[in-house]
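> generate a structure from the sequence data that follows.
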Amino acid sequence: MSLPADLNVAAVQQTCNADKDISLETTERLVRQASQGGAQLIVLQELHATLYFCQTEDTTVFELAEPIPGPTSRRLSSLAAELGVVIVGSIFERRMNGVYHNTAVVFESDGSIAGSYRKMHIPDDPGFYEKFYFTPGDATTNTGHNGFTPIDTSVGRLGVLVCWDQWYPEAARLMALAGADVLIYPTAIGWDVTDDTAEQARQLDAWVTVQRGHAVANNLPVIAPNRIGTEPDPSQQGEGITFWGNSFICGPQGEFLARADKDSETLLTATLDRNRSESIRRIWPYFRDRRIDAYGDILKRVRD
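Predicted structure coming up:
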């Protein structure tokens with residue numbers, strides 16, 4: 001299928017609420033605004049329908065999980081069909097009893113599910129106890145391949161990854177090798193409330209830099225929406241997390257096309273030139289010069 005040279009994209013940066021309806025009302029308002037502005041692809045942040053519940057381990061939280069299709073996916077599906085846009089949403093997926101995933105779902109412009117990606121790298125750090133809630137992904141649905149497989153849509157091949165996946169160059173490279181047109185990282189990341197300003201600056205700079213690095217190393221644009229707002233620790237064992245926003249869209253040389261601040265509800269928009277990746281790869285031919293004969297040890301946990 002031949003696609004137009006330009007692709008209008010949007011990323012939503014928002015606060016979230018314990019009430020799914022309130023969170024999704026905010027999401028829907030911003031998606032409608034993006035569509036009115038001409039966006040063809042709209043990307044939402046990680047777990048945008050709820051507060052970030054992984055600050056503590058609580059079995060009652062599993063009641064928030066939904067099957068796919070389910071209430072949230074049906075709502076986003078209807079919105080995509082009504083507006084004629086492709087939406088990348090995020091759902092706490094209940095796959096079966098005892099198996100739950102952190103899942104990005106891609107809704108085609110006719111409302112159908114083009115595919116879904118289950119988060120592959122699952123963190124377990126203070127304030128981010130995701131291993132308690134999420135089973136690692138195994139396959140990208142609708143493709144029949146391993147989790148690092150792009151999802152085909154009417155606007156191109158989407159290399160959808162989720163949050164902690166953004167720190168792994170292997171994930172981005174596998175998406176690129178499979179023909180992704182863009183890398184997408186729905187995110188929920190922030191500072192411990194007790195972090196000092198210097199540590200905050202280092203963490204934020206690392207987050208932005210590593211994703212821009214994936215853009216450069218793979219000659220692909222990146223869309224990275226993150227949430228905002230301070231969410232308290234429900235267990236009251238910690239001080240909570242201040243999500244640092246700074247959502248951004250960058251081009252295939254890592255150049256910023258749009259960037260949000262740290263605390264404002266923001267709708268980022270940009271126009272991606274589909275031909276730039278090809279033209280850059282002709283002058284910076286990383287893929288041609290890869291020494292695939294010498295990389296076997298990358299499959300080892302540690303090189304002895």
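> quick check: longest strand of the protein.
When the chain is parsed with DSSP state E, its longest strand is strand 86-96.
> now do the helix or strand following it: distance to the chain's middle.
Per DSSP states H and E, the first helix or strand lying C-terminal to strand 86-96 is strand 99-107. Its chain's C-alpha centre and that of strand 99-107 lie 11 Å apart, by C-alpha atoms, centre = their mean, to the nearest Å.
> just the CA coordinates for the helix or strand that comes right after strand 99-107, please, in PDB.
Once the chain leaves strand 99-107, the next helix or strand it forms, by DSSP H and E, is strand 113-118. Extracted in PDB, the C-alpha atoms of strand 113-118 (Å, rounded to 0.1, in the frame of the first residue of the first chain):
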ATOM      1  CA  ILE A 113      -7.900  -3.800  16.700                       C
ATOM      2  CA  ALA A 114      -4.900  -3.800  14.400                       C
ATOM      3  CA  GLY A 115      -2.800  -5.500  17.100                       C
ATOM      4  CA  SER A 116      -1.500  -5.300  20.600                       C
ATOM      5  CA  TYR A 117       1.900  -5.400  22.300                       C
ATOM      6  CA  ARG A 118       2.400  -6.800  25.800                       C
END
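> on contacts alone, who are the packing partners of strand 113-118?
Judged by 3 or more C-beta pairs under 8 Å, 6 or more residues apart in numbering; DSSP states H and E, the packing partners of strand 113-118 are strand 86-96, strand 99-107, strand 139-140, strand 151-153. C-beta here means a position set from N, CA and C on the backbone, and glycine is covered the same way.
> looking at these, which is nearest to residue 130?
For residue 130, the closest of these is strand 99-107, at 6.9 Å, according to C-beta to C-beta.
> run me through the strand neighbours of the closest one, direction for each.
Strand pairing for strand 99-107, determined by DSSP bridges: strand 86-96 (antiparallel), strand 113-118 (antiparallel).
> make JSON lines from those and add mean pLDDT, distance to residue 24 and mean neighbour count to it.
Below are the strands paired with strand 99-107 laid out as JSON lines (pLDDT from 0 to 100; distance: least, C-beta to C-beta, whole Å; neighbours: other C-beta atoms under 10 Å):
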{"stretch": "strand 86-96", "mean pLDDT": "97", "distance to residue 24": "10", "mean neighbour count": "23"}
{"stretch": "strand 113-118", "mean pLDDT": "96", "distance to residue 24": "17", "mean neighbour count": "24"}
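> relative to residue 208, which of the ones you listed is closest?
strand 86-96 (19.9 Å).
> now do that closest one: distance to the chain's middle.
Its chain's C-alpha centre and that of strand 86-96 lie 11 Å apart, by C-alpha atoms, centre = their mean.
> and what of stretch 76-91?
Distance of stretch 76-91 from the chain centroid (C-alpha atoms, centre = their mean) equals 15 Å.
> before we move on, the earlier item: among the strands paired with strand 99-107, which comes closest to residue 193?
With C-beta to C-beta, the closest approach to residue 193 among the strands paired with strand 99-107 belongs to strand 86-96: 23.8 Å.
> could you export that closest one as CSV, CA atoms only?
Taking C-alpha atoms only, strand 86-96 is exported to CSV below (Å, rounded to 0.1, in the frame of the first residue of the first chain):
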residue,chain,number,x,y,z
VAL,A,86,-5.4,5.4,14.5
ILE,A,87,-5.0,5.4,18.3
VAL,A,88,-2.4,3.7,20.4
GLY,A,89,-3.9,3.1,23.8
SER,A,90,-2.8,1.3,27.0
ILE,A,91,-4.7,-1.2,29.0
PHE,A,92,-4.1,-3.3,32.2
GLU,A,93,-5.1,-6.5,30.5
ARG,A,94,-6.6,-9.5,32.2
ARG,A,95,-5.6,-12.4,29.9
MET,A,96,-6.8,-15.2,32.2
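> who's in contact with the residue most central in space within the chain?
Nearest to the mean C-alpha position of the chain, by C-alpha atoms, centre = their mean, lies residue 186 at 2.0 Å. Neighbour list for residue 186: 43, 44, 45, 46, 48, 88, 90, 104, 160, 162, 163, 225 [criterion: C-beta atoms under 8 Å, 6 or more residues apart in numbering].
> before we move on, what about residue 123?
By C-beta under 8 Å, 6+ apart, the residues touching residue 123 are 130, 131, 164.
> with residue 100 instead?
Each residue near residue 100 by C-beta under 8 Å, 6+ apart is listed here: 62, 65, 92, 93, 94, 133, 134, 135.
> make TSV from these and add distance to residue 291 to it.
What follows is these, written out as TSV (distance: C-beta to C-beta, whole Å):
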residue	distance to residue 291
62	45
65	43
92	41
93	38
94	43
133	39
134	35
135	35
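> circling back: residue 249 is nearest to which of the strands paired with strand 99-107?
Evaluated with C-beta to C-beta, these place strand 86-96 nearest to residue 249, the distance being 13.0 Å.
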